[in-house]
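Participant: what's the 3D shape of this:
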Amino acid sequence: MGDMMKVIFYTRNTKINGAGLVPIYMRVTANGQRFNAATGRNVKKGKWSKKGERHSGNLPEDQELNDFLATLRNKAFSIQKKLINLDRPVTIKEFEREWHGKKETPHLLLDIFEQHNSEVKQLIGAQYSWATWRRYHTSLKHTRQFLMDKYSLSDISVKQIQYKFITDYEFWLKTVHKCNHNSTIKYLTNFKKIIHICLKNAWLGRDPFVGYKMTKREVERPYLTEEELQILASKTFMIPRVGQIRDIFLFCCYTGLAYVDVQKLTHSEISTGIDGEKWIFTHRQKTETASRIPLLPPALEILDRYKDHPYCINKDRLLPVPCNQKMNAYLKEIADLCGISKKFATHTARHTFATTVTLTNGVPIETVSKMLGHKNLKTTQHYAKILDRKVSDDMKALREKFTLQHQGAESAQPKQ
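Facilitator: Numbering: from 1, shown residues only. Coordinates of the predicted model:
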């Protein structure tokens, strides 16, 4: 242990005072670096043993001084032992921090989370979208509330975050915050990014997510059938505003655009495509990915209907889209008026485009994925699974038809 760190005591004869006393200093050396500290004790210049590093006298006060220096030496080596036990490097910087009783500034979870969110906000438009920032902002809010509810803490050192913290957080999100399974996983995924920042900076020794399964469950994505689409399109509404909402919804059914993307759609985003027909060239706000969508006749017809609408002219918008809350409230009313029992909202239109309008009509999944602006095919495959159920239902009807035919053929045969 002494080989790693060396402790010596010495006097500074140049600092002799009027009484002929010189100050005693301690020097700690580790890896070629030095730490010097005044002991606060003095000795008569001629009474200091340089070789023994002690007072050469035998008086009780001389012995007391030597015992004091031995205590300082023991303290220095106990610091070295502590650093080794804590797996910290035995350096002068680490030694000095312990000698002066300075505590290492802990890295606090919410501080790091806030810093991350601040950086995301500054990069909106360049690397992130507003939706991404809002997602992290909400995740931070939930984490802060969890810390207060569960531990009565306003923040926590990242070193204290272990596997149990993750499982407790999951339980809190599902019970106290009433989040469904997939929403819980979404918030934990955002939280995991902050943990990875801590791991990369070596502020955290072990990943608390090791062994924790982050799998989302398959969810039913409601969509309108061909029959329901026809009912919706042919219905006449007495109130123009209701008809307007129906038209916007239908436009999304024939383009696959999400509410936020149809709301911001401008004239400059309609151009002539490779086939000489009108296309939408836009970017999804959610993922910042490009969407190129050829306009089908029903979608073109709706655009034509609103080309002279005052809102569209004044705001340079293709359609007079109200707020999402209003849209969804009107859609509930529209469903009742059309006799459609299933609940549907603005996002149902996107699912309808993926299933009823495109995949059911034989459009390849890769093409649908491109039009939807999905980053990978896996996201689009959810819709294909829905179609597997449709295939199953259709084949069930066909199977029943063949069964009836088979039974009819058997009954028609003459009995032996």
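
Participant: next up, phi/psi of R206, please.
Facilitator: phi -140, psi 140 (degrees, to the nearest 10).

Participant: what's near enough to touch it?
Facilitator: Neighbour list for R206: Q162 [criterion: CB atoms under 8 Å, 6 or more residues apart in numbering]. For the C-beta atoms, the positions are set from N, CA and C on the backbone; glycine is no exception.

Participant: neighbours of G125, how many?
Facilitator: Using other CB atoms under 10 Å, G125 is surrounded by 9 other residues.

Participant: now it: phi and psi?
Facilitator: With angles defined as degrees, to the nearest 10, G125 sits at phi 100, psi -30.

Participant: how near is it to T132?
Facilitator: Per CB to CB, to the nearest Å, G125 is found 11 Å from T132.

Participant: can you tell me, leaving aside adjacent residues, what's nearest to A233?
Facilitator: L250 (6.0 Å; CB to CB, 6 or more residues apart in numbering).

Participant: in a helix, the one you found, correct?
Facilitator: Yes. Membership of L250 in a helix is supported by DSSP: H, G, I helix; E, B strand; the rest coil.

Participant: quick one, what contacts it?
Facilitator: 229, 232-233, 298, 302, 349.

Participant: may I ask which of those residues has the most neighbours?
Facilitator: A349 (29 neighbours).

Participant: was I right to think it contacts C253?
Facilitator: Yes. Contact criterion CB atoms under 8 Å: A349 and C253 qualify, at 4.5 Å.

Participant: can you list contacts of stretch 214-224?
Facilitator: Identification of contacts with stretch 214-224 by CB under 8 Å, 6+ apart yields 181-182, 185, 188-189, 192, 232, 253, 340, 342-344, 348, 351-352, 354-356, 382-383, 385-386.

Participant: tell me which of the residues you listed fall in helices.
Facilitator: 181-182, 185, 188-189, 192, 232, 253, 348, 351-352, 382-383, 385-386 (DSSP state H).

Participant: buried ones among the residues you listed?
Facilitator: 185, 188, 192, 232, 253, 348, 351-352, 383, 386 (16 or more other CB atoms under 10 Å).

Participant: which of these scores worst on pLDDT?
Facilitator: On pLDDT alone, I386 ranks lowest of these, at 66.

Participant: name the element the residue lying closest to F165 once chain neighbours are set aside belongs to?
Facilitator: Among residues not flanking F165 along the chain, P208 sits closest, at 6.1 Å (CB to CB, 6+ apart). P208 belongs to no helix or strand when elements are defined using DSSP states H and E.

Participant: just the ones in helices among the contacts of stretch 214-224 now: which is nearest K44?
Facilitator: Set against K44, the nearest of the ones in helices among the contacts of stretch 214-224 by CB to CB is K192 (66.1 Å).

Participant: from R144, how far out is that closest one?
Facilitator: Taken as CB to CB, the span from K192 to R144 is 17 Å.

Participant: how about T167?
Facilitator: Distance, T167 to R144, using CB to CB: 19 Å.

Participant: neighbour-wise, which of the two wins?
Facilitator: The residue with more neighbours, out of T167 and R144, is R144; 17 against 12, by other CB under 10 Å.

Participant: how distant is whatever helix or strand the more buried one lives in from the center of its chain?
Facilitator: According to DSSP H and E, R144 maps onto helix 130-146. Here helix 130-146 is found 8 Å from its chain centre; the criterion is CA atoms, centre = their mean, to the nearest Å.

Participant: cool, and stretch 365-372?
Facilitator: 26 Å.

Participant: with just CA atoms, put that stretch into PDB.
Facilitator: C-alpha atoms of stretch 365-372 as PDB (Å, rounded to 0.1, in the frame of the first residue of the first chain):
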ATOM      1  CA  ILE A 365     -47.000  -3.000 -48.800                       C
ATOM      2  CA  GLU A 366     -43.700  -1.300 -49.800                       C
ATOM      3  CA  THR A 367     -45.600   1.300 -51.800                       C
ATOM      4  CA  VAL A 368     -48.100   1.900 -48.900                       C
ATOM      5  CA  SER A 369     -45.200   2.300 -46.500                       C
ATOM      6  CA  LYS A 370     -43.600   4.900 -48.700                       C
ATOM      7  CA  MET A 371     -46.800   6.900 -49.000                       C
ATOM      8  CA  LEU A 372     -47.500   6.700 -45.300                       C
END
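
Participant: many thanks, have a good one.
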